[in-house]
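**Student:** build me a structure from this.
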Amino acid sequence: MTTDATLTTEGIAPRGEGRVLLIACGALAREILAIRAFNGLTHLDLQCLPAILHNHPERIVPAIREAVAKYRDAYEQIFVVYADCGTGGQLQAACDDMGIEMIAGPHCYSFFEGNDTFAARDEMTAFYLTDFLVRQFDAFVWEPLGLNRHPDLRDMYFGNYEKLVYQAQTDDAALTEKAKNCADRLGLAFERRFTGYGDLTPALRGL
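**Tutor:** Numbering: from 1, shown residues only. Coordinates of the predicted model:
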């Protein structure tokens, strides 16, 4: 399996096999591959864009348009495994324009928990981490915000949050301890929720 560091900065290229190409965020690679293997979804191929686009939502739509243009003729169908992800509706508009479908939801935190369940919680003071983001906490949170150089900025960034919610896709005691440490570093209460893969599984099985 490709390393998290590679998924963060480079992503992964498709194998060139299967009828349906998934264009996904690198932060979802392990989960998508697990769902594909467990359900025998051998008709699905996977391309992951660099996960660090999570921190630069303005780059997501151009990157997806480029990938669709590159691979469209090689597959019967393309499915985008990004939620809106901070694009302000621009990704949905681009997918509509290109005639392709995308997974429903405002972001991965929502579809991992289940979009209906997440919306019903209406949490405004929770900061969310997934398995991938716990493993890559420094690369996605601590360092981009400059907290490695200026830890005094922590309360400015996180003063309005009350808790860190770790949405666990897997049962991993070491990862849970790491998530607790992330909460401690941010000065937040800690809550672990086992979500599994949420709405991601039926979305992929339905293709």
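
**Student:** all helices for this structure, in order.
**Tutor:** For the chain, helices defined by DSSP state H occupy the ranges 4-9, 29-39, 60-71, 90-98, 108-113, 115-121, 131-135, 137, 154-158, 173-186, 200-205.

**Student:** TSV please, covering these and showing mean neighbour count, mean pLDDT and distance to residue 47.
**Tutor:** All C-beta atoms are positioned from the backbone trio N, CA, C, and that covers glycine. What follows is those, written out as TSV (neighbours: other Cβ atoms under 10 Å; pLDDT from 0 to 100; distance: least, Cβ to Cβ, whole Å):
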stretch	mean neighbour count	mean pLDDT	distance to residue 47
helix 4-9	17	96	12
helix 29-39	17	98	10
helix 60-71	16	98	6
helix 90-98	16	98	15
helix 108-113	24	97	17
helix 115-121	14	97	24
helix 131-135	22	98	17
helix 137	18	98	25
helix 154-158	14	96	33
helix 173-186	16	98	26
helix 200-205	18	98	14
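
**Student:** how about those in CSV, adding distance to residue 81?
**Tutor:** As requested, those are arranged in CSV below (distance: least, Cβ to Cβ, whole Å):
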stretch, distance to residue 81
helix 4-9, 13
helix 29-39, 7
helix 60-71, 10
helix 90-98, 11
helix 108-113, 9
helix 115-121, 14
helix 131-135, 13
helix 137, 22
helix 154-158, 28
helix 173-186, 22
helix 200-205, 8
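
**Student:** so which of those helices comes closest to residue 164?
**Tutor:** Nearest of these to residue 164, taken as Cβ to Cβ: helix 173-186 at 3.9 Å.

**Student:** identify the residues contacting that closest one?
**Tutor:** Under the contact criterion Cβ atoms under 8 Å, 6 or more residues apart in numbering, helix 173-186 has outside partners 127, 129, 131, 134-135, 137, 141-142, 154, 158, 161, 163-164, 166, 168, 189-190, 192.

**Student:** swap the cut-off to 6 Å and go again
**Tutor:** Residues outside helix 173-186 that contact it (Cβ atoms under 6 Å, 6 or more residues apart in numbering): 134, 137, 158, 164, 166, 190, 192.

**Student:** I'd like to know which of those is nearest to residue 118.
**Tutor:** residue 166 (14.6 Å).

**Student:** go ahead and confirm the closest one touches residue 192.
**Tutor:** Yes. With contact defined as Cβ atoms under 6 Å, residue 166 reaches residue 192; the gap is 4.7 Å.

**Student:** of the two, who's got more company?
**Tutor:** In terms of neighbours (other Cβ atoms under 10 Å), residue 166 is the more surrounded of residue 166 and residue 192; the figures are 25 against 15.

**Student:** nothing else from me, thank you.
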